[in-house]
Each structure stands twice: as structure tokens, then as C-alpha cells.
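Trainee: predicted model and sequence below, questions to follow.
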2 protein chains.
Amino acid sequence: MARPRTFDEERALDAAMRTFWEKGYEAASTQDLCDATGLGRSSIYNTFKSKQDLFERALGRYLDSMTTAHLAILEDSTRSGADRIRALLALVVEDETANRTGGRGPGCLGVNTTVEAAAHETRAAEMLERDTTRRLSALRTTIEEGRRDGSIASARQPIALARFVNAAIAGMRVSSQGGADRAALESIAEITLDALTR
Amino acid sequence: MARPRTFDEERALDAAMRTFWEKGYEAASTQDLCDATGLGRSSIYNTFKSKQDLFERALGRYLDSMTTAHLAILEDSTRSGADRIRALLALVVEDETANRTGGRGPGCLGVNTTVEAAAHETRAAEMLERDTTRRLSALRTTIEEGRRDGSIASARQPIALARFVNAAIAGMRVSSQGGADRAALESIAEITLDALTR
DNA sequence: CCGATTTTGAACCGATCTATCCAAAACTCT
DNA sequence: AGAGTTTTGGATAGATCGGTTCAAAATCGG
């Protein structure tokens, strides 16, 4: 056929994702993306239609891996509902402290995009909306199971509790970017659980 | 002396603030700022040192007005501690739904800046840190008073509860930008209060 | 009413932005 | 090996970026 690629598209996507993650959509220049991926402009524009397209693919990759990991915890039927939520929040704490060696880290690309780009970027907003729906659905199911197994005592509607937990995660991520340390995040997680279990 | 200004610096600052608020720091161009304020480039650069300086002043103005309003609620000694927190969360719900006629609104400039710019903009990060300290301090005091007046039952440390409430507010703001409607925000606020009162 | 001083608008600066173009290189298939 | 196809790097385009310069306009004190 023809000359084959000398790079791995998945790897390039990962590198691009990290760049958008660290710098934000606007602040990440095509040159930054070239440097990060090790590709030339032509290769990038040949593989991806535009910076926007590359961003959307990177965002999709990020959301999918992140939410898949969260759903795996929420669907672990060997633990009580409350325990799964607890484990989920612990993972978020781990995430936020891991992505931060020394200074403050890049936070969560989903939250960042919701705040920075969801207003103008229709496509990204749609992806985020689908992701939120997926997360809320899993959270609601887990909470309903927690109600049944007795680990979740709150009489609030499961969907409302699900939105609450999702908001709490976003709040923890913003707090982390605002300088909250691990202990602070852990205590926020504990109190979030109080609202469900007590 | 000399020719006087034909514009009101405060009004210009407000217009600039709104622009940064709606578009974000990076995405707001100097042309956008000229259009929004109605000023020429020269007037802007004569009055403010740079885009960065203008942004910092706009951010300071925003944080101060926002946090002053929040502190007024938290320091209203005619209400119980829990009631003050409830009123604060209600104000946030009001804010988020008011800033959003039809589509989704610009959210909160404080949260936006924490997510978008706090990593690179040292000055902005310091302003946000001071603001957070101020907010947490007032929240902690209110929570301590709520413990004394019996409206707040949680045995968690007041400072931890303060961080939790602050994170909940950020979470509500991100949720709002992610498309949550008024009813959703109200239920998140209610459940946030559950964690304190029960 | 005039000199001093400041504001103002418009032109302009170099840098950088996203994106395209093009010719050389690299590969497959016949 | 040659024809055909794709990748690749570098040059380049056109727009826009933040910021400066400058002369005209406007206002003051005297």
C-alpha cells in the first residue's frame, strides 16, 4: 500500500491528553502538542482533523478510563453500598494527591473542561453530559443497593444522593487544586459519607 | 492640570470582570476587553499595567464582593448556625440559576480561576488562597456557634466541616456548569446540610 | 487664550496562533 | 525494480495575540 506510520496513535493521544490536562484547552498550543507527542504538525493534522478534534478524542479517552475505573468500584457487589462509595472517594483522594508531586497538580480533566470549555465547545459539553449521566446512573444504583443492605440510612431520593456524591467529588477536586492537602480531602470524604450513612 | 477621563474606572473593571468570567482568562482577548469596556487599547493600558494586572484587579473585585456577601450571611447572629449555612447554600443556588438565562452560565469566577489559572498565575493563586482562608475561618466560626446553639449535631471537627461546606459549594457550582438545574442544586444543598445537622 | 499635561484612537510591532502546502522520503504491491 | 500511495518535516500563510507608539484632541491652571 504505502508508507506506514512510525508512531503509535494511542501513545500520541495519551501525550496530547496529558498536555491538555496540564495546560487546559486554550493554553495548550499546537507546538506544545507537537513537543509532547514527538510528532510533526503534518502528522498531527493528518491523523486528527484539528486541535479541537484532537482535544475531543483526548477528552473521550480520559473520561472513559476515569469513569470505567469508578464504575468498577461502584459495581463491586462483594462490598456494601456505603463501602463502595467510600472506596470511590478514597480513589479520588488518591488521584488528586498522586497527580501532585510537590506543587499542585492538574486536577481532573473532566472538571477542568466543564469549567473552562463546556460553554463554547458543544461537542465536549455533550461528552461530559453523557459521562455525567453514566456516573449518576451507577451512583444511584449503588445507593439503592446500599439502602437495601442497610449501609445507607439516608431517606433522601437515591438520585439526589447520587448528584450529591458527584458534586462532592467535583468539590474535592476543586479543593485540591485550591491547595487542600490529603488530610483535608480525607476529612471531606468522611463527612460526605456521613450524609449518606447517618 | 490635564484632560480628564471620559470613563468610570469601576464600571470598566466590572465589564472586564464579566468578560473574564464568561470567557476565562486565556480566551478573553484584549480586543474582547476593549469591546466589553468600550475603551480603546490605550485607555486600558494607560489605566492598567497589563491584561494580567487587569485580570487580577477584576478577580479581587469579584472575590471581595462575593465573599463579603457570604460573610454577611454567616455573621448574622439572629439565626442559628445551621440556618446561616442553609441561607448561604440558598444564595449559591440563587447565584447559579440567576447567572444562567436559558443556557448555562459563567459559573463562579473564583472556581473558574482555581481550575484554569491557579497553576500558572501566582498572584491569582495567592488571592484565591487568602479568600479561601477568609471563607473557611467564617465557616468554622459559624459551625462552632451552631454546635453551641444545638443546630449542628455533627461531632466532626469544625474546621473539617468548614472545608466540607466550602467543597460542597464548589461542587454545586461545577454541577451547575455541568447542566444541573435548580431542583438538583437545591437537593444537593439539603443533603449537604444533612451531614451537619444529623 | 495659551502652554502644560493627560487621554484617546488608530496605526503599528514582533511574536505566536492554528492550519495548510509541498516536495522529499519511505513503504507496499505488482 | 518501478508505480503508486502515504507519511513526514519544514516552510509558509493569514489571522490574531498582547503591547507600544504617536499625534491629535481635550482639558486644566495661569
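Mentor: Received the coordinates, thanks. Numbering: from 1, shown residues only, chains lettered A, B, ... in the order given.
Trainee: which residue packs closest to A:Y25, ignoring adjacent ones?
Mentor: Once flanking residues are discounted, A:Y25 sits nearest to A:A117: 5.0 Å by CB to CB, 6 or more residues apart in numbering or on different chains. C-betas here are computed from N, CA, C, even on glycine.
Trainee: now do A:G107
Mentor: A:Q177 is the one closest to A:G107 (CB to CB, 6+ apart), at 4.5 Å.
Trainee: on that earlier part again, and the residue nearest to A:Y25, how many neighbours?
Mentor: A:A117 is flanked by 23 other residues according to other CB atoms under 10 Å in any protein chain shown.
Trainee: next one: it from B:F7, what distance?
Mentor: To B:F7, A:A117 is 32 Å away according to CB to CB, to the nearest Å.
Trainee: how far does the longest helix along chain A sit from its chain's centre?
Mentor: Using DSSP state H to define each element, chain A has its longest helix at helix A:122-149. Relative to its chain's centre, helix A:122-149 lies at 13 Å (CA atoms, centre = their mean, to the nearest Å).
Trainee: would that helix count as contacting chain B?
Mentor: Yes: using CB under 8 Å from any CB of the partner chain, helix A:122-149 reaches chain B at A:A125, A:L128, A:E129, A:T132.
Trainee: what sits closest to the last one if chain neighbours are left out?
Mentor: This means A:T132. In space, A:T132 is closest to B:G178, 5.8 Å off (CB to CB, 6+ apart).
Trainee: got a list of what the one you found touches?
Mentor: Residues in contact with B:G178, defined by CB atoms under 8 Å, 6 or more residues apart in numbering or on different chains, are A:T114, A:A118, A:L128, A:E129, A:T132, A:A170.
Trainee: thinking again about what came up before, the residue nearest to A:Y25 contacts A:A27, doesn't it?
Mentor: No: using CB atoms under 8 Å, A:A117 is not in contact with A:A27; the gap is 11.3 Å.
Trainee: re earlier: mind giving me the packing neighbours of the longest helix of chain A?
Mentor: For helix A:122-149, the elements it packs on are helix A:51-74, helix A:81-98, helix A:109-116, helix A:158-177, judged by 3 or more CB pairs under 8 Å, 6 or more residues apart in numbering or on different chains; DSSP states H and E.
Trainee: and these as a markdown table, adding mean neighbour count and distance to B:L193?
Mentor: Below are these laid out as a markdown table (neighbours: other CB atoms under 10 Å in any protein chain shown; distance: least, CB to CB, whole Å):
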| stretch | mean neighbour count | distance to B:L193 |
| --- | --- | --- |
| helix A:51-74 | 18 | 25 |
| helix A:81-98 | 19 | 19 |
| helix A:109-116 | 26 | 23 |
| helix A:158-177 | 26 | 11 |
